[in-house]
Every structure is written in structure tokens, then in C-alpha cells.
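Enquirer: below is the sequence, then the predicted model.
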2 protein chains.
Amino acid sequence: MSLGKNTDGGAGRPAPGRVEDVRRGNLVRILASLAEPRTDPDVRPTRADLASRTGLTKASVSSLVAELVDAGLVAESGAARDGERGRPGVGLELSTCRGVVGMEINVDYISAGLLDLGGTLRIHRTLESGNRGKSPQSVMALLAGLVADVAAEASAAGIEILGGGLAVPGLVDTGSGTVSSAPNLKWHGVVLELHGLLPGAPQGTLLHNEANCAALAELWYGHGVDFQDYLFVSGEVGVGGGLVIGSRLFAGPRGQAGEVGHVVVDPSGPDCSCGGRGCLETFAGQEAIFAEAGIPDGTASARLEQLTALLEAGNAAAISAVSRAGHYLGIAAASTARLMDLSAVVLGGHFTRMGPWIAPAVVRSLADYAPGVVGPASVAISELGQSAALLGAAGSALRSVLAAPQGLRPGP
Amino acid sequence: MSLGKNTDGGAGRPAPGRVEDVRRGNLVRILASLAEPRTDPDVRPTRADLASRTGLTKASVSSLVAELVDAGLVAESGAARDGERGRPGVGLELSTCRGVVGMEINVDYISAGLLDLGGTLRIHRTLESGNRGKSPQSVMALLAGLVADVAAEASAAGIEILGGGLAVPGLVDTGSGTVSSAPNLKWHGVVLELHGLLPGAPQGTLLHNEANCAALAELWYGHGVDFQDYLFVSGEVGVGGGLVIGSRLFAGPRGQAGEVGHVVVDPSGPDCSCGGRGCLETFAGQEAIFAEAGIPDGTASARLEQLTALLEAGNAAAISAVSRAGHYLGIAAASTARLMDLSAVVLGGHFTRMGPWIAPAVVRSLADYAPGVVGPASVAISELGQSAALLGAAGSALRSVLAAPQGLRPGP
DNA sequence: TGCATATAGTTCAGATTGAAAACTAATTGA
DNA sequence: TCAATTAGTTTTCAATCTGAACTATATGCA
């Protein structure tokens, strides 16, 4: 799965044109089935399980699995004992000797991590770095170093890297690897040199929007078990967002959907940095909340600590500031829910720190402005920490590998 | 293509891949290729043309076309002369002896029409009928009569009916044929008896939302040539909407997306009939515009005539009322464009009558609230008349037949 | 008129693929 | 020890597309 522009929307027609295409489709089905979360992580599916799940015959599954094992994407993992009668099956799993790299460039730090095909985060490195206004070249050099460390460690662990994904806080064009606009980094129209990050990885590195990645991480590793359709709102310096519809990211025709921070919540509101007026970001962005709460200038993380402390101490100004942000957030969410037929909202980024104070305001506002559409139980706080975007970027690369297993030669 | 809920987004995991599926996919490709608009309507594609368009071999195309001709979906239409050397090919077209029925129930009228597979509207009947508050049974009985007339005429013309679509102004559940909520008809939770409308039609009748149908009609028969992604806003008694992304309808996870009439455009605005507050509909619905323009009570169409007359006479109150509606419409469109990465807006329904007065206000508002996102050239007025919803409902049924040609026995 | 050339469409052998059924393998339980 | 049961493999077969050879029908020039 790519995070790129989505244009198909539904009954797309990946219809096979040739007999050989059927096989690729079925290989992907097997991989998808193996990637599904297991109720008991110790019990792995057998060929017979896969046959009944996919509807293919045992004979076909045997042949398909043999090909995937040869390609190094799938591994047998000993007998899958079931205590029942009959010959025990052989457990199968996605290879833990292949993986993808997730990367993130944010305002205050960069990070990189390795996810194996089974979906386990095997390595995770973060480096504090004030990237605001720093040149893209220097930040990319730092990142390349961090990734090289991760790659070396992966190599030592016998894991081959197949591809990667990089999340940045801004509008991106995935196809060309361009950051069109990242106001918080002060990058505009920057073409990133993604090619050198993962030398030798057959699938290369794709560039993604940070909020979209976090929304996907939420889907795969967070509240995705509860909701198939939701608006993810990421509080960072600005307010980012991601739309998940039918357990898939809705990226829009040019890959720039989800900009909930620039939904107009009050037409007579203050001017916004985007050139518009009354955008959600002018009410729920960090600057707006800190100013309203009376928190003096400083680094973002220090100010956030102060805000949290004030909230916990029951400070009225802080609570009012956060409630106000929640109120407007609820308005934007109400509009989004009506427009896109969504039924849940997940709050992420710095909003997680304000969870107990902001969520009730969001719920109230939703009840006022879109009664009956998003109930209180459908406003959730993300439980993924700072690694959300990295997980999403890596997960996206992982699904991309599993959805297009062609061109992979046999490996370890 | 169905207008139902869209949830998969593309890489869905339908039925296991069998060798036979390849053929169905290729049959659909041939049909889709034949359904594409032709530059010169008199020049029909030949088998050789189809082979080069689809990438299939001539041999495969011959076999596939033979099957479609046997099924009565495709017809040969004489020699396709090209004046060039070589054996002339045989022109192919979608059969004009098969068709689908489009139907609409609206506040003031009902209508039904027949679209042949080639996309030509062959029959079109409208019946004035004040349906507001009338019982669903009696309206459906009227419609059934109108449809029977259309079916009789179709039969006389030798056209076999394969399926149909019914558009109603309200939230619907396509799967169960339920009108969940149609405030302007005063219908709520009504299950329509769709089965009896088209006896013998193999694909049956599907229920759709009127604004979504109009948005699709715009795509297939209107501004779809200019825009692949747009917000369609339909002014009726309320304000409906449809979202087209990548030349496909975005219907949302439960088929209820596009409710732009209930986007919040002013959090301190008036209460809305939906239970919310400050919705676009409270500023741009018919009642709001008529009240603001000082037009006395009366039938909707009479009041609309008065408004148009006042606008044409340069009446300040009328112009101001319409500008105000356009202002708020632009705000909702700005939010939608940012959220969903859209780049165009098409105005339909009664807004078409106000076109010259409302469009500039929408453009101004978009420039104020989402600068650089939707330019003046991307705000368009629909040129389809009252038949838009009917065309969309029929077109949807047509595409549904072409996308799932299985189960059709040979015909005339 | 006749023949070279060009294009359309058909026929047939060959390759790929999954389904179905028969078969082999490994385990439980009486 | 052996019947019952479940896992996985082998074999045969039908569906489908490709590619190449072939037939059909036109133009254009001598």
C-alpha cells in the first residue's frame, strides 16, 4: 500500500488481463493473509489454514507458498501443534529476515527504525535535532547517518532491507519526492535526495506526510481495531490530519487530503499563516493554545510541559484554553464527519497530552454541531507515542512490499 | 459502477483469483473501452482498435467480442471505412437494443427515462406531483405507472431493460433500499418497494441520493470533461452535495458522504433542522435566500421565478441575499477543498438559476478562505437541467451493467 | 485487369494457471 | 496395532491468453 494520491476510490479494476496476473494476485492474497493480526501470536497459520481463509485449494496454496518461501518473503516456523488428531501442519510466517526502514524528520528530532515483515519494530533510533530552518541538505545528511547505523545493525542481525518510508511534517509530492511546503521546517519546494538513503533496497524510499503516517500507524497499531473510518487529528506546531476510510488512507487526488487544520471554523476568525482566515489551526495550533493559556515563549516541548503541569494543577486559564481548542476542533470534526460520512475521531500528537481536558470539549462540540453523528465513545486519544509517524511510514513501506512482491530475487 | 458505500479504495481482497476471472475482467475492459466517449461519434472502434487500446491480442479481442455480441451487449454496425489501404474493420458499439431506466422522485415532480447502453437518453417522461408529505406508497404507485409507460415504449422500440436507478432527495441506504431521512419529502426510515418497478430486469433497481446522482451526471454528461475532482453542490429546498474524486463518486463508508449542506460555516449561526447550528443550509438553503431577499411565501418554483426576476432587474436585496449565500457556500467549499484536496466546485440545482450572481461571491470567498486552492476558472455552473439526477441514476445503472456483465443470457 | 501491399480478423498450437481428485505423510486414540 | 483424521503433494484437466500462421478484403499502381 502506498500513501500516494488515491484516485480509485472503490471498485477499481486491477482486473487481471493475463493468466499470469492471477498468480500475482494470489501471491498477494497469501501475503495479506499472513500479515493479518493473529489472535494468538504463537499459533501461526498453516497451508491448510491459508487455503480455507483465501478460498484457494490446498494444491494452489502449496505452490504459492513454495514460491514465496523461495523468494525469502515467507518462512516455515516449525510444527504448528494443535493437540488435535491428524498430521500437524507447518506454521508459516512472514520472514523476520527481511524488513523495511521507517524514518521521520520532525521539528525537534529525526528518527529511524527497522520493521521486519512480521510487523515487529526491531530497531529504533532517535536523535534530538532542531531542524527548524536548518538546510534540507544538512538534515538529510544527519538522517543518512542515523539510517546507516540502523542498516548496519540490521545487517548484523541478518535482516535484509527491502524499502523504506520517510515522514515529514508538510505537504509532499510522493511521486517526485518533493516537500512542497513544510512551514514548521521552513522548507518550501525542496526535492529530497531519497535515493541514497537505502542503497540496494529494491523498493527504494517513499516520502509521506507526517500526519497521514500517524493516521495509518493508528490504524495498524492503535485504534484501528475499534474504528475503520475516522478523522485523525495530529496536534504539532500546526494542526495536521489524516482521513481513514474503510481501513485505508484517503489521500485525495494529489495526495494532500486531510488538512483539517485549515478547515474554516469561524469566518470572522484571525488570519492564518496559510493566507486564509479563521482556520482551525488559528484556534487549536500550539501557538494559539499557549497564548490563550498565558504560557511564555520558549521551546515547544518546554511550553508543553508547562501546559500539562498547569492542567494537572487545575489552572483555570490553561483548562479554558484547551477547552476552547477542543470546541473548535469539534466544529471542524463535525463538518468533516457530515461531509465524508465519518463516525469517529482520534486525537494524536500533542493533543494526547491534553487528552482528559480536550476530549470532553470535542465531544460536546460534536454533539452541538453534528448531533447523532459521532458519539462520545467514538472520540479517542491515540496511545502511540512519538513513534507514530515512523511506524506509519515503515508500515506503509511494508505493505507496499507485500502488495507488489514481484521483482524480488531469492534471499537469505 | 454502484453509488453505494465505498470502502475498499482499490486493493480490496475480493474472491480468490481463478483463471476464469481473467476473462470477466477482460470482458469488462472491452465494454469500458466501448463506453468511452468517441471523438467522432460516427467512427466506431473495430476489434483491431480495441486490441491496441486494451493491450490484448487481436485473437483475444475477437473471442471476447464474440461473447459480448452473443450476449447482446455489443453490436456490429457495418463497415468502419477509413479510406486507407487494407481490409476495412467492422465497427462495434454498445447495443442500442438494451437499456436502463433512470428514475427520480423529487419534491415537485417524478420522472423516468430510458438510457440505451450507448448512453443516449431515448425516452424521458416527467409528471408534476407535489410529493411533500405524500405517502411513500402513493408516490411509488405514481412512479410505477410512469415507469410502466416508459417500459411499454421501450418494448415497442425493441429495447430490453436490464436495470435501473432511482434518485431521491435524502439520505439513503442503497443496500436495503431504505430512505433513512428525506426531510423535504417528510419521509423517514421508509423502505421502498423497488422490486416491482422493473419486473424482469436482471439487475433490478438501486436507490441513490439525488445530489450524488446529479454529481455523477455532471461527471458523465457535463463538466466531467474539465474536472476529474470536484465538489458538486446542489441547491434544492436544502443544500445537497456530491464529491467526485478521480472521476469517481466518493460516497463514504456508509454511502452518506457529500452532505456539504451541513458543514458548519458559522459556529454562532442559526439553528439548523439537522439539530446542529450554523450549517451552510441555514445560509444557502432556499428558505434562507428567499427570506433574505424578502420574497413572500408561495410555492418553491414561483418564489424562484420571483427571485430570478428580481436579480435580472438588479434588485439590491435579492443580489445581496444571493451574494450572502455564495459567500457562505465559498466558505464550505474552501474547507472541503483543503480537507479533501479538491480543486473545483460545480454549482447545480437552483444555484444554476442564480449563476451569474452567486458564482462571483463563491469565487471571492474561496480566494479569501483558501487562497490558491480553487481558482476562478474552477468554479462552474452546471448546464444540465432538471434531468441531472435522472441521468446520474440511469448512468449509474448503465455502468453497473457494464461492470458486471455476468448472468446475462443471450438476447435480441 | 492483375498483382503487390496493407490492414482486419480467425485459427491453432503452446504456456500458465488453478480446480478437483487421488495419493502420501504424520499424528491421535482406542 | 490399526482406524480415523488432518496436512500436504502429485496428477490430470479445463480455462484462458499469447504468438504465429493463415484467410479475407480493401487500396493503388502498372
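Expert: Yep, it's here. Not measured: the values here are computed from a predicted model.
Enquirer: what are the buried residues along stretch A:162-175?
Expert: A:162-174 (16 or more other CB atoms under 10 Å in any protein chain shown). Quick note: C-beta positions are derived from backbone N, CA and C, even for glycine.
Enquirer: same thing with stretch A:19-38?
Expert: Neighbour count says stretch A:19-38 has A:21-35 buried, by 16+ other CB under 10 Å.
Enquirer: mean confidence score for it?
Expert: Stretch A:19-38 comes out with an average pLDDT of 93.
Enquirer: before we move on, what about stretch A:103-123?
Expert: On average, stretch A:103-123 scores 95.
Enquirer: quick one: terminal-to-terminal distance for it?
Expert: The straight-line separation of the ends of stretch A:103-123 (CA to CA, to the nearest Å) is 12 Å.
Enquirer: how far does that stretch sit from the chain's center?
Expert: 11 Å (CA atoms, centre = their mean, to the nearest Å).
Enquirer: can you name the residues bridging to the residue nearest to A:Leu398 when sequence neighbours are not counted?
Expert: Spatially, and ignoring its direct neighbours in sequence, A:Leu398 is nearest to A:Val100 (4.9 Å; CB to CB, 6 or more residues apart in numbering or on different chains). Taking DSSP bridges as the rule, A:Val100 bridges to A:Leu115, A:Gly163.
Enquirer: list the contacts of A:Val100.
Expert: A:114-115, A:117, A:161-165, A:203, A:394, A:397-398, A:401 (CB atoms under 8 Å, 6 or more residues apart in numbering or on different chains).
Enquirer: run the last query once more with 6 Å
Expert: A:Leu115, A:Leu162, A:Gly163, A:Gly164, A:Ala394, A:Ala397, A:Leu398 (CB atoms under 6 Å, 6 or more residues apart in numbering or on different chains).
Enquirer: still on that earlier bit, quick check, nearest of the buried residues of stretch A:162-175 to B:Val322?
Expert: Proximity of the buried residues of stretch A:162-175 to B:Val322 (CB to CB) peaks at A:Leu171, which lies at 34.3 Å.
Enquirer: quick one: the closest one from DNA strand D, how far?
Expert: Distance from A:Leu171 to DNA strand D, counting by CB to the nearest atom of the strand, to the nearest Å: 39 Å.
Enquirer: near DNA strand C, which residues of chain A?
Expert: Contact residues (CB under 7 Å from any atom of the strand) of chain A with DNA strand C: A:19-20, A:22-23, A:26, A:55-60, A:63-64, A:79, A:83-88.
Enquirer: what does stretch A:339-351 contact?
Expert: Contact with stretch A:339-351 is made by A:214, A:218, A:223, A:227, A:229-236, A:304, A:333, A:358, A:374, A:378-382, B:252-254, B:256-257, B:263, as judged by CB under 6 Å, 6+ apart.
Enquirer: could I get the average pLDDT for that stretch?
Expert: Per-residue pLDDT over stretch A:339-351 has a mean of 96.
Enquirer: what's the straight distance from one end of it to the other?
Expert: 23 Å.
Enquirer: over to stretch A:164-173?
Expert: Start-to-end, stretch A:164-173 (CA to CA) is 16 Å.
Enquirer: could you pull up the mean pLDDT of that stretch?
Expert: In the prediction, stretch A:164-173 has an average pLDDT of 95.
Enquirer: for DNA strand D, tell me which of the contacts of stretch A:339-351 show up nearby.
Expert: Within the contacts of stretch A:339-351, nothing lies near DNA strand D by CB under 7 Å from any atom of the strand.
Enquirer: from the residues you listed, which land in helices?
Expert: Those of the contacts of stretch A:339-351 mapping onto helices are A:Ala214, A:Glu218, A:Leu304, A:Ala333, A:Ile358, per DSSP state H.
Enquirer: what's near enough to touch the second one?
Expert: Spelled out, it's A:Glu218. A:Phe232, A:Val346, A:Ser382.
Enquirer: any idea how far DNA strand C is from the first one?
Expert: Put plainly, it is A:Phe232. Applying CB to the nearest atom of the strand, the value for A:Phe232 to DNA strand C is 36 Å.
Enquirer: now do the last one
Expert: If you measure A:Ser382 against DNA strand C using CB to the nearest atom of the strand, the figure is 39 Å.
Enquirer: just the second one next, same as before
Expert: A:Val346 sits 38 Å away from DNA strand C, going by CB to the nearest atom of the strand.
Enquirer: where does that residue land in three-state SS?
Expert: Following DSSP: H, G, I helix; E, B strand; the rest coil, A:Val346 is assigned to strand.
Enquirer: list the buried residues in the lowest-mean-pLDDT helix or strand in chain A.
Expert: The weakest-scoring helix or strand in chain A, judged by mean pLDDT, DSSP states H and E, is strand A:74-80 (a mean of 86). With burial defined by 16+ other CB under 10 Å, the residues of strand A:74-80 counted as buried are A:Val74, A:Ala75, A:Ala80.
Enquirer: do stretch A:291-300 as well
Expert: Buried residues in stretch A:291-300, defined by neighbour count with 16+ other CB under 10 Å: A:Glu292, A:Ala293, A:Ile295, A:Ala300.
Enquirer: so which of those belong to helices?
Expert: Here DSSP H is the test, and these give A:Glu292, A:Ala293, A:Ala300 as lying in helices.
Enquirer: export those to JSON lines and append columns for pLDDT and distance to DNA strand D.
Expert: As requested, those are exported to JSON lines (pLDDT from 0 to 100; distance: CB to the nearest atom of the strand, whole Å):
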{"residue": "A:Glu292", "pLDDT": "93", "distance to DNA strand D": "61"}
{"residue": "A:Ala293", "pLDDT": "92", "distance to DNA strand D": "60"}
{"residue": "A:Ala300", "pLDDT": "83", "distance to DNA strand D": "53"}
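Enquirer: now those as a markdown table including distance to B:Leu121?
Expert: As requested, these are exported to a markdown table (distance: CB to CB, whole Å):
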| residue | distance to B:Leu121 |
| --- | --- |
| A:Glu292 | 58 |
| A:Ala293 | 61 |
| A:Ala300 | 60 |
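Enquirer: of those residues, which are in range of chain B?
Expert: Among those, no residue sits close to chain B (CB under 6 Å from any CB of the partner chain).
Enquirer: of all those, which comes closest to DNA strand C?
Expert: A:Ala300 (52.2 Å; CB to the nearest atom of the strand).
Enquirer: measure the closest one to B:Leu216 for me?
Expert: Distance of A:Ala300 to B:Leu216, given as CB to CB, to the nearest Å: 46 Å.
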